[in-house]
Structure formats: structure tokens, C-alpha cells
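Asker: structure for this input, please:
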Amino acid sequence: MRGVAVATALLSCAAGAQAQAPASAPARLTQPSPQSLSFDAALARIDGTLPGLSGEDHAVRASELIADATRTLRRPVVSASASVIEYQKTLSLDLTGARDDAATAATGFLSQLPGQFPDGLQQIVGQVVQRVGAALPTIFGAIPDTLRFQTRDTVFRPTVTAAMPLYTGGAIPAVQAGADAAVGVARAKQAGARDLSRVGLVRGYFGQQVAAQLTRSTRETLAGFERHLSDAQQLERNGVIPRARTLQVQVARDAAERAFLRAQLEEASAADALARQLDQPSGVIAATPLFVNSSPLPPVGVFLDGVDATPRAQGADAARDIARAGVGLAKSRYRPQAFAFGSYNANRGHALPTEPDWIAGVSLRYTLLSNFDRRKSLDAAREQERAASDAAAQARKDVAVEIVRAWNLAETARRSFLLLDSNLAAARENLRVQQISFAEGETPSSSLVDAQATLATTQTQRIAAAYEYDLALAGLLAASHRVDDFTTYLARADRRLGNEQ
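Answerer: Residues are numbered from 1 along each chain as shown. Below you'll find the model as predicted:
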């Protein structure tokens with residue numbers, strides 16, 4: 001039967017839509033005291049029930065903190081250290097040269113000394129000089145050839161050191177720009193996840209409405225076939241129609257019952273999936289019906305104007321900025337670096353002989369030859385920047401294609417829904433005529449079955465068109481980063497699938 005087939009297909013679609021909701025426990029087909037929620041109420045709950053959104057929030061905060069951390073890269077790095085050192089120092093001094101020179105100088109001095117006195121004293125001075133000269137070898141012989149000094153000690157050395165970058169060749173600005181761009185990437189992912197969560201809610205929330213509407217439609221179809229079967233059995237007993245026609249109605253009635261049972265199960269599954277999606281253990285009943293705006297959507301150009309503001313475009317731009325920062329970092333390897341530094345010994349009384357009390361200075365460093373090919377590194381960074389720029393351009397094209405596709409789907413669904421109004425009225429009138437003709441024995445049972453099936457098919461197609469419109473509208477608004485406008489379209493909707501079906 002056409003009505004049963006279409007209903008089955010739509011139920012499968014709605015069930016597949018619900019599959020994105022968490023399913024950590026076995027499905028519960030019944031829920032105690034389910035809570036009726038409007039779409040606005042469900043929307044208010046969704047942000048607090050999806051761990052994925054919370055995870056994106058944490059990722060954004062982490063990237064912001066990292067970016068803030070890079071703001072202090074120009075500040076000095078001050079560190080304190082303390083060490084206990086045990087050391088031994090041995091010094092050796094060669095005295096042979098100095099000793100011989102001293103002996104030669106003393107001998108020369110003594111030889112000239114008598115001539116510096118008067119003639120009467122020269123003899124006496126000469127005798128003294130002779131005796132001293134004789135003693136010089138003994139005196140200088142007592143001086144060793146090598147003087148050896150050895151000391152051993154344990155010292156405690158606390159020091160405070162500081163270093164501050166003066167010029168890094170652009171490395172610090174590149175790192176800061178890359179960190180800022182990483183924040184942009186994280187925020188774009190957060191916005192994209194939020195938009196997708198809204199689409200998921202529309203899919204799950206109105207998917208339950210689809211299941212409920214199909215349950216109602218199949219129930220009405222089953223009730224209609226039961227009436228037809230009762231009429232056929234009465235006509236058969238009166239001899240108006242043969243047994244074969246009654247069996248035809250019986251087969252159609254049984255098929256309608258199977259469709260109704262399947263719709264009930266799918267509705268229960270959809271309700272359970274939505275309850276899990278909204279973290280509502282007691283169950284959720286979607287109170288807001290499927291809707292359609294009879295007025296056309298704004299021109300597709302209105303939605304295309306916001307392509308640059310979409311999360312995919314923003315994320316691609318941020319990724320390009322990261323690649324651009326990589327180019328700046330690669331260029332910094334060609335430039336000199338300058339640092340100011342200083343160190344202070346806080347325990348100068350125990351300092352080693354070679355250690356200063358404090359030092360301060362400026363250091364300039366330039367890499368003349370590197371074991372890492374800086375040219376190829378810079379070329380690679382530029383290629384990555386070009387790739388990121390191309391990816392950003394492609395992202396805009398992809399978003400534009402998605403917007404146009406979603407706009408066409410939404411408009412097609414809207415027009416189909418409106419066109420089905422006349423079809424639904426004709427199907428109902430056709431069924432009424434066939435019922436009268438069948439009761440009078442003028443129409444075969446197959447015509448009655450076809451009329452009932454046509455009505456069921458039309459009702460199902462109308463439900464499908466409304467659901468397709470809601471889902472395509474949510475997709476359109478998400479693709480253009482206007483998903484918050486969904487509630488505006490919902491509030492302005494002038495066609496709703498409620499009790500009028």
C-alpha cells in the first residue's frame with residue numbers, strides 16, 4: 001500500500017534523525033510522567049546537556065589563557081638557584097728562574113758595594129761582602145724549585161640571575177599572533193558546534209513530532225479500514241459483495257494495523273531519544289508542532305551576504321593567520337637576537353676565587369651557519385600560508401553551496417506543503433465518495449482501499465514536507481550562521497501541523 005510505504009519511509013527517517021542523541025543505556029519504550037516542553041524551552045536546555053558544547057567552551061578558554069600567557073614574553077626571566085660545592089684547588093709556581101735572577105742580582109749588588117764606601121772602610125766592607133757572598137748559595141739554595149699550594153673547602157653559593165629579550169627578530173610577535181589566531185580557531189569551532197547542536201535539536205525535537213503525527217495518521221487510517229471491514233462484512237452477509245472483496249479489505253486493514261504498531265514503537269523511540277538528548281530521564285513530549293511559513297523565504301542572496309561571518313570561514317581565516325605567523329617565525333631565524341642578562345652572588349664570602357660578585361651585560365647572537373635549513377623552512381612556511389589561504393577561499397565556496405542547497409530544499413518543501421492542501425481536500429472527498437459508492441455496492445473494495453491509501457499517503461507527504469521544511473530551514477540558518485533566527489521563523493509561522501490533520 002502506498003500510504004503504508006510512505007509512512008514507513010518517513011518513520012525510518014525520523015528514527016535515523018534521533019540516532020544522534022546519546023544512547024548509553026538500553027532504549028526505554030515508556031517514560032514515567034513525561035514533561036511537555038516547547039521548542040523554546042528545549043532550546044534553553046540544550047546548551048547545558050551536551051558535553052560536546054562544554055568541551056568546546058573549555059577549549060576556547062584554554063586557547064585564551066595561552067594567548068594571555070604570551071603577552072609577557074618580553075618580560076625578564078628571573079631565577080634563583082642555590083648550590084653546595086666542595087672543591088679542591090692545587091696551584092704550582094716555578095721559582096727556578098726568579099731564584100737565579102735574585103741570586104745574580106744579589107751577587108752583582110755585593111760586588112759593587114765596597115766601592116761605595118770611603119777608602120778606610122772599603123777593607124772592612126769587603127770582608128763583610130765576602131762573607132755574605134759566601135752565604136748566598138746556602139740562602140738561595142733553601143728556596144725550592146717549585147712552590148705548590150693546595151686548598152680544599154665546601155662553599156654554599158646562592159645566586160640570582162635574570163635575562164630579558166631585547167630583540168628576537170620577530171619571533172615573539174609571531175608567537176603572539178599565532179596564539180591569537182588559535183583563539184580564533186577555537187571560537188570558530190565553538191560557534192560551529194553550537195550551530196550544529198541547534199540543528200540536532202530541530203532534528204530530534206520535530207522528529208518526535210513527525211513520529212507522533214504519523215502515529216495519529218496511521219491510527220486514523222486503521223480506524224477507517226476497520227469501518228470499511230465492518231461495512232464489507234455486513235454487505236457480504238447481505239449478499240451484496242462476494243467474499244473476495246471482504247478479504248481485500250481485511251488485508252488492507254491488517255497492513256494498516258502493522259503500520260500503526262510500527263508508528264507507535266517509533267514514536268516511543270523518538271521520545272526516548274529526545275529525552276536523552278535533553279537529559280530529561282522522565283521523558284519529554286514535544287509541545288511545539290511542525291510548522292511552515294507560507295510566505296517565501298528572503299532571497300538567497302541575503303543569506304549569502306553573511307558567508308564571511310560563518311564559523312567555517314572564520315576558522316579558515318584563523319588557520320591562515322596561524323600559517324602567516326609561522327612565516328614570521330621562520331623569518332626570525334635569519335635575524336640576530338639580543339638579550340640583557342645579569343647575575344648576583346648572594347654569598348660573596350664563600351665565592352670561588354674566579355667568581356665575580358655580580359655581572360651584567362648585553363649579549364648579541366647571530367647564527368652564521370645552522371644545521372637546520374632555514375631557507376627550506378621559510379619556503380615550507382610560505383607554502384603552508386598559501387595552502388591555508390586556498391583553504392579559506394574553498395571554505396567560502398563550500399558554505400555558499402550549502403546555503404544555496406539548503407535554501408532550495410526549504411523553498412521546495414514549503415511549496416510542496418502548500419500544494420498538498422488541495423491534494424488533501426481532494427483525497428478526503430474522494431474517500432467520502434468511494435465510501436458511499438461501496439456502501440451501495442457500486443464500487444469494488446479495491447477502489448475504497450485505494451482511496452483510503454491515497455488519503456494516508458497525502459497526509460504522510462504533508463507531514464514529510466513540513467518536517468523537511470523545518471530541517472532545511474535549520475540547516476540554512478546554521479550554514480549562514482543565523483541559527484538563532486529559527487525561533488523567529490517559528491513564531492511567525494502561519495501553518496502548523498496540529499489537530500487540523
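Asker: for Arg415, what is the enclosing helix or strand?
Answerer: helix 374-439 (DSSP states H and E).
Asker: over to Glu442?
Answerer: Assigned by DSSP H and E, Glu442 belongs to no helix or strand.
Asker: who's in contact with it?
Answerer: If you count contacts by Cβ atoms under 8 Å, 6 or more residues apart in numbering, Glu442 has none. Using the backbone N, CA and C atoms, a C-beta is placed for each residue, glycine as well.
Asker: in the stretch 151-300 of the chain, which spans are helices?
Answerer: Remark: helices assigned in the stretch 151-300 of the chain by DSSP state H, counting those that start in this stretch are 171-237, 243-277, 300-304.
Asker: before we move on, the earlier item: quick one, the helix holding Arg415 and helix 243-277 angle?
Answerer: Counting by axes from the mean of the first three to the mean of the last three Cα atoms, to 10 degrees, helix 374-439 lies at 140 degrees to helix 243-277.
Asker: for helix 374-439, packing partners?
Answerer: Under the contact definition 3 or more Cβ pairs under 8 Å, 6 or more residues apart in numbering; DSSP states H and E, helix 374-439 sits against helix 171-237, strand 290-292, helix 300-304, helix 311-332, helix 445-479.
Asker: swap in 10 Å and give it another go.
Answerer: Packing contacts for helix 374-439, counted by 3 or more Cβ pairs under 10 Å, 6 or more residues apart in numbering; DSSP states H and E, involve helix 171-237, strand 290-292, helix 300-304, helix 311-332, helix 445-479, strand 495-497.
Asker: returning to what we had before: out of the helices of the stretch 151-300 of the chain, nearest to Gln435?
Answerer: Evaluated with Cβ to Cβ, the helices of the stretch 151-300 of the chain place helix 171-237 nearest to Gln435, the distance being 7.5 Å.
Asker: rewinding a little: dump the helices of the stretch 151-300 of the chain into CSV; add mean neighbour count and mean pLDDT as well.
Answerer: As requested, those are exported to CSV (neighbours: other Cβ atoms under 10 Å; pLDDT from 0 to 100):
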stretch, mean neighbour count, mean pLDDT
helix 171-237, 21, 90
helix 243-277, 21, 88
helix 300-304, 16, 95
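Asker: the longest strand in this structure is where?
Answerer: Assignment by DSSP state E gives strand 146-167 as the longest strand of the chain.
Asker: and that strand, average pLDDT?
Answerer: Strand 146-167 carries an average pLDDT of 84.
Asker: cool, stretch 284-292 as well?
Answerer: On average, the pLDDT along stretch 284-292 is 92.
Asker: in that stretch, what counts as buried?
Answerer: Of all the residues in stretch 284-292, those buried under the rule 16 or more other Cβ atoms under 10 Å are 284, 286, 288-292.
Asker: re the thing from before, dump the helices and strands packed on helix 374-439 into TSV; add distance to Thr96 as well.
Answerer: Shown next, in TSV, are the helices and strands packed on helix 374-439 (distance: least, Cβ to Cβ, whole Å):
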stretch	distance to Thr96
helix 171-237	58
strand 290-292	112
helix 300-304	98
helix 311-332	58
helix 445-479	95
strand 495-497	116
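Asker: relative to Gln190, how far out is Met63?
Answerer: Small correction: residue 63 is Ser, not Met. 10 Å (Cβ to Cβ, to the nearest Å).
Asker: then Leu418?
Answerer: Taking Cβ to Cβ as the measure, Leu418 falls 38 Å from Gln190.
Asker: rewinding a little: closest one to Asp379 among the helices of the stretch 151-300 of the chain?
Answerer: Using Cβ to Cβ, those put helix 171-237 closest to Asp379, at 16.5 Å.
Asker: please compute how far that closest one lies from its chain's middle.
Answerer: In terms of Cα atoms, centre = their mean, to the nearest Å, the centre of helix 171-237 is found 24 Å from the chain centre.
Asker: hmm, back to that, for Thr49, which of the helices of the stretch 151-300 of the chain is the nearest?
Answerer: helix 243-277 (7.1 Å).
Asker: show me the contacts for Tyr489.
Answerer: For Tyr489, the contacting residues are 291-293, 297, 410, 469-470, 473-474, 476-477, by Cβ atoms under 10 Å, 6 or more residues apart in numbering.
Asker: recalculate using a threshold of 8 Å.
Answerer: Residues counted as contacts of Tyr489 (Cβ under 8 Å, 6+ apart) are 293, 473, 477.
Asker: same deal with Leu50?
Answerer: The neighbours of Leu50, taking Cβ under 8 Å, 6+ apart as the test, are Ser197.
Asker: and the gap between it and Arg194?
Answerer: Distance from Leu50 to Arg194, by Cβ to Cβ: 9 Å.
Asker: likewise Val483?
Answerer: Val483 is 8 Å from Arg194, where distance means Cβ to Cβ.
Asker: may I have the strands that pair with the longest strand of the chain, each with its orientation?
Answerer: strand 77-94 (antiparallel), strand 337-345 (antiparallel) (DSSP bridges).
Asker: which one is Gln435 nearest to, not counting chain neighbours?
Answerer: Leu448 (6.7 Å; Cβ to Cβ, 6 or more residues apart in numbering).
Asker: returning to what we had before: which parts of the longest strand of the chain are buried?
Answerer: For strand 146-167, a neighbour-count test (16+ other Cβ under 10 Å) marks 157, 159, 165 as buried.
Asker: having no further points to raise, I will conclude here.
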